[in-house]
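Asker: Based on what follows, work out the 3D shape:
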Amino acid sequence: MNPDSSVLNGTVDIVNEGHLNGTAGDSSGTEEGKSFNMMPEVEMCQSVLPCHANHKGGLSAGQLLKWIDIIACLAAEKHAGLPCVTASIDDIQFEETVRVGQIINIKAKVNRAFNTSMEVGIRVVVQDVLTGVLKRVCVAYSTFVAKPVGTQKIRLKPVDCLTTAEDHLEYALASERRRLRLYNEDAFTKLMQDSHLLKANGKESSQISTERTRVQSIELVLPPHANHHGNTFGGQIMAWMENAATVAASRLYGTYPTLKSVDMFKFRGPSSVGDRLVFKAIVNNTFQKSLEVGVRVEAYDCEEWTQGKARHINSAFLIYNASSDKAHTQTFPSVKYTSKDGQRRYLAAIVRKRIRLARKHILSSKEEGPLSVPWDKSNQVYLSYNNVAALTVLAGKHGWEVNSSQPKIRVYMNEELDTLSVQVEMHVRVSSLQAFFLLSDLSLRPSWDRHYSSCEEVQVVNEDDKLYHITCPAVNKDKPRDFVVLMSRRQPCKEGDSYIVALRSVTVASVPPDPDYTRSEVLCAGFLISDASSATCKVSYYNQVTSGVLPYIAGNLAGWSKSMEETASSCIEFLENVTDQKICAF
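Answerer: Coordinates of the predicted model:
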């Protein structure tokens, strides 16, 4: 699972021992060599040649994965001082296409060490030779395990060379990513137990069977495929897996889609020169603009090959998007399974997508600008209109996908241009008018929403617009948060329209930030309420997730909790059992 030393000469800065020891060239380079050897980063530069390219003239993802595994292994071994093997590689997000003739620069360093394992962070950028412009290609995180020598017990030294703010951030996030990986195993099991509640496989004749995408390919491991430990080079295995996955995806799409991300490459065991590796790939599920391909690798030595006894050595899940020339006009076709195993893979892909989405947004360090708009009488009409219009647009977006389902409650997610939105759909045995009046009185919300500690009316603008100051409890030992929001409500203009209760953050001079709270913001949230029958209604809650809202739903996104479903149940109970006096009071 580690690089072939014959590949490295002249491509990675740390392999020239003469330079590191200050013996190459002028002997006065000794201090420079020592200084370089203390640098935590390992760096590789490569010119992208035609032999590295795919049929479109872009850098092959398989070739990039080889380089990533080489550089990550060298960074791990530099820190450990011992041979290291790849345990897994995940969170690869491909952002930029690399063309023949451009320069690839790959940097890797150990972000944090955990006893016998360590996380290696890898950053890949591309440089255009003519313009000199640098663009980020991808960021990846790989977990390596140090191999003991004999009976020697291993305890890795901590990472102590933290010189920049980014170093400290990655050190902290490495612990969080490790925690998420461990949590995600339990979350996956829990969510799979509930997956029968999801809308599973349709039987329409227009759907394509996943069996149509099945690929099986074999490779014989030869000496050039081995690493410097004598096992099959992990980067080569990943490249073969990517090839099988791309073929499977293309069989569904009718052309070659674009590899967008890698959910996980997991290394379960080694293989050696002479082994036969069988790669099995199939599309597990499609999600409108993306699809997931699962790949399984089985190894056989000569005797196992004769007896048909396979060793499961690798698994991976790769995410593809529609090609850029089709992305704006086409989505992937729906698929159906035809077996029990196909159903398991179909539902597991839905669960992994949910966990992947949560991991991405929980770990995001993207900076947000101010979202609140100053409130005053001169712009109150505009802000009220914008508040209602924004919620209407959010509700009308395409691409909502169900994440969880139970009687009377469904949770949906929508991700568009890295913006995550949630929708909670509730079916309630009250009239839509009654639900409208109760939900538009935010002062009642603490009685059913445990995320609201208090909600005080700041100003009554008019009959349909009010300003509120909301306080929320602390999460993860942080300070409690508070929000100042504009609530705008609208009754239907004509039959068939929905009742609307819209919320967004505003800035009000009378409610300055409190040092005991973290002032947070809501960009777009609220309720759409529509008739289901004369005595029942459908209540849909929407929230365009911001950094201030995320801590309150993070556990739900990742599958650790059911806080949104529990809050929805509490809301339904409140609406169905409230007294008439409370309705009249509003």
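
Asker: CA only for contacts and neighbour counts going forward, please
Answerer: Noted.

Asker: Buried residues of stretch 512-530, list them for me.
Answerer: Buried residues in stretch 512-530, counted by 16 or more other CA atoms under 10 Å: 513, 517-530.

Asker: Same check on stretch 419-439?
Answerer: Neighbour-count burial for stretch 419-439 [16+ other CA under 10 Å]: 420-432, 434-439.

Asker: mind listing the strands for the stretch 101-250 of the chain?
Answerer: 103-114, 117-127, 134-146, 208-209, 215-220 (DSSP state E, counting those that start in this stretch).

Asker: got those as TSV, with mean neighbour count columns?
Answerer: What follows is the strands of the stretch 101-250 of the chain, written out as TSV (neighbours: other CA atoms under 10 Å):
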stretch	mean neighbour count
strand 103-114	24
strand 117-127	23
strand 134-146	21
strand 208-209	17
strand 215-220	16
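
Asker: Tell me which of these sits nearest to residue 336.
Answerer: Residue 336 lies closest to strand 208-209 among the strands of the stretch 101-250 of the chain, at 4.9 Å (CA to CA).

Asker: I'd like the average pLDDT over the closest one.
Answerer: Strand 208-209 comes out with an average pLDDT of 90.

Asker: That strand pairs with which strands, parallel or anti?
Answerer: Looking at strand 208-209 with DSSP bridges, its partner strands are strand 335-336 (parallel).

Asker: And the contacts of the following helix or strand past the strand it pairs with?
Answerer: The helix or strand immediately downstream of strand 335-336 is helix 340-362, counting by DSSP states H and E. Contacts to helix 340-362, defined as CA atoms under 8 Å, 6 or more residues apart in numbering, come from residues 180, 184, 188, 191-192, 195, 200-201, 210, 263, 284-285, 292, 337, 403, 420, 550, 554, 557-559.

Asker: one more time with 6 Å, if that's ok
Answerer: 284-285, 337, 557-558 (CA atoms under 6 Å, 6 or more residues apart in numbering).

Asker: just stretch 148-168 next, same as before
Answerer: 112-113, 115-116.

Asker: Low-confidence stretches in the stretch 151-300 of the chain?
Answerer: 195-206 (pLDDT under 70).

Asker: try 80
Answerer: Within the stretch 151-300 of the chain, the segments meeting pLDDT under 80 span 151-153, 180-206, 253-256, 288.

Asker: ditto for the stretch 301-450 of the chain
Answerer: 322-331, 358-371, 417-418.

Asker: Would you map the strands across it?
Answerer: Using DSSP E, counting those that start in this stretch, strands in the stretch 301-450 of the chain cover 311-321, 335-336, 373-374, 401-406, 409-416, 419-428.

Asker: what are the pairing partners of the last one, and which direction each?
Answerer: Just to be clear, that refers to strand 419-428. Assessed with DSSP bridges, strand 419-428 is paired to strand 409-416 (antiparallel), strand 537-544 (antiparallel).

Asker: Need the winner for burial among the ones you listed.
Answerer: Among the strands paired with strand 419-428, ranked by average contacts under mean count of other CA atoms under 10 Å, first place goes to strand 537-544 (a mean of 23).

Asker: so how far is that strand off the chain centroid?
Answerer: Distance of strand 537-544 from the chain centroid (CA atoms, centre = their mean, to the nearest Å) equals 24 Å.

Asker: For residue 341, give its distance to residue 292.
Answerer: Between residue 341 and residue 292 the distance, using CA to CA, to the nearest Å, works out to 16 Å.

Asker: next one: residue 428
Answerer: In this structure, residue 428 and residue 292 are 35 Å apart, going by CA to CA.

Asker: next one: residue 70
Answerer: 26 Å.

Asker: for residue 110, same thing?
Answerer: Between residue 110 and residue 292 the distance is 29 Å, computed by CA to CA.

Asker: Looking at this structure, which helix is longest?
Answerer: helix 165-194 (DSSP state H).

Asker: Enumerate the positions of that helix that are buried.
Answerer: For helix 165-194, using 16+ other CA under 10 Å, the buried residues are 167, 170-171, 173-175, 177-178, 180, 184, 187-188, 191-192.

Asker: In a markdown table, list those residues along with distance to residue 307.
Answerer: Formatted as a markdown table, these follow (distance: CA to CA, whole Å):
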| residue | distance to residue 307 |
| --- | --- |
| 167 | 51 |
| 170 | 47 |
| 171 | 47 |
| 173 | 46 |
| 174 | 43 |
| 175 | 44 |
| 177 | 41 |
| 178 | 39 |
| 180 | 40 |
| 184 | 36 |
| 187 | 37 |
| 188 | 34 |
| 191 | 37 |
| 192 | 34 |
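
Asker: Now for the residues you listed: which two are most distant?
Answerer: Pairwise over the buried residues of helix 165-194, using CA to CA, the maximum falls at 167 and 192, 36.2 Å.

Asker: Can you tell me the closest non-neighbouring residue to residue 432?
Answerer: residue 537 (5.2 Å; CA to CA, 6 or more residues apart in numbering).

Asker: Quick check: bridge partners of the one you found?
Answerer: residue 428, residue 531.

Asker: for it, what are its contacts?
Answerer: Contacts of residue 537 by CA under 6 Å, 6+ apart are 428, 431-432, 530-531.

Asker: circling back: would you format the strands of the stretch 301-450 of the chain as a markdown table with distance to residue 160 included?
Answerer: Conversion of the strands of the stretch 301-450 of the chain to a markdown table gives the following (distance: least, CA to CA, whole Å):
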| stretch | distance to residue 160 |
| --- | --- |
| strand 311-321 | 32 |
| strand 335-336 | 49 |
| strand 373-374 | 43 |
| strand 401-406 | 41 |
| strand 409-416 | 37 |
| strand 419-428 | 35 |
